[in-house]
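K.L.:
test case, fold it:
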Amino acid sequence: MNILVIGANGNAGRRIVEKALKAGHQVTGVVRREGAIEGIPTIVKDALQLTKQELTQFDVVVNATSAFTPDTYYLQTDLTLLLVKALANTNTRLIVVGGAGSLYVDEDHTVQLYNTPDFPEEYLGLAKAQGNAIDILRKFSNVDWTFFSPAADFDENGVESKDYILGNENFILNKDGNSYISYETYAQILVDEINNHKFSRQRFTAVQN
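P.N.:
Residues are numbered from 1 along each chain as shown. Next comes the predicted model:
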């Protein structure tokens, strides 16, 4: 497949690029500056300036934008809105690298992780912004979207494992009672979803044992 990775030089993005290439896909990256990533074709521009024509030439668009600081939280919603409007009623799939904070902790889906007393204050703004992003996706039944929430402990230095548990809307724990996944494992599961297309118009999550 022909895949576009927005934020291709970020922690998640570069691993997704690497694993997608290894799986035999063609990959193009969207980056802010020339030379930010090597070895693949790039579109060098602000992601909010991407056009429908640029986006719909791809089979899959992966939004792996790093918007983790208060001055970039708006990207979680603004870029999501731009992407769903551009991809509505097209054959291009959208996969969003989400967060754990908007996962539900109750069966009725009324309480999200970021509403719980022990949720870290410093991640609250980001979690709410990512929650807004998935709310936007849910309103677009004419977009083939997938929102992939990692575990709460998203480890940049961890190793890849094939021993993991998948979930849907609810916050889950691994067999040791932890919410953990490495970026390497996360990226491979995301590329597997590109290949297998199991979670159309759904959110899913994963924890690594």
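K.L.:
for the most centrally placed residue in the chain, give the beta-bridge partners.
P.N.:
In the chain, the residue lying closest to the centroid (CA atoms, centre = their mean) is Val97, at 0.8 Å. Using DSSP bridges, the bridge partners assigned to Val97 are Phe148.
K.L.:
contact partners for it?
P.N.:
7, 12-13, 16, 62-65, 148, 150, 190 (CB atoms under 8 Å, 6 or more residues apart in numbering). C-betas here are computed from N, CA, C, even on glycine.
K.L.:
least confident pick among those residues?
P.N.:
Sorting the contacts of Val97 by pLDDT puts Thr65 at the bottom of the list (92).
K.L.:
which SSE is that one in?
P.N.:
Remark: Thr65 resides in no helix or strand, with elements defined by DSSP states H and E.
K.L.:
contact partners of whichever strand or helix holds Val62?
P.N.:
Assigned by DSSP H and E, Val62 belongs to strand 60-63. Contacting residues not belonging to strand 60-63 are listed as 1-7, 13, 16, 55, 79-80, 83, 87, 92-97, 190, 194 [CB under 8 Å, 6+ apart].
K.L.:
following it, which helix or strand shows up next?
P.N.:
Taking DSSP H and E, what comes next after strand 60-63 is helix 74-87.
K.L.:
can you add neighbour count and distance to Asn157 and give the contacts of Val97 back as a markdown table?
P.N.:
Output for these, formatted as a markdown table (neighbours: other CB atoms under 10 Å; distance: CB to CB, whole Å):
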| residue | neighbour count | distance to Asn157 |
| --- | --- | --- |
| Gly7 | 26 | 19 |
| Ala12 | 24 | 14 |
| Gly13 | 26 | 17 |
| Ile16 | 28 | 17 |
| Val62 | 32 | 22 |
| Asn63 | 27 | 24 |
| Ala64 | 24 | 18 |
| Thr65 | 23 | 21 |
| Phe148 | 21 | 20 |
| Pro150 | 26 | 14 |
| Leu190 | 24 | 18 |
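K.L.:
distance to Tyr183 added to those residues, as TSV?
P.N.:
Formatted as TSV, these follow (distance: CB to CB, whole Å):
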residue	distance to Tyr183
Gly7	13
Ala12	6
Gly13	10
Ile16	9
Val62	14
Asn63	16
Ala64	10
Thr65	15
Phe148	12
Pro150	8
Leu190	10
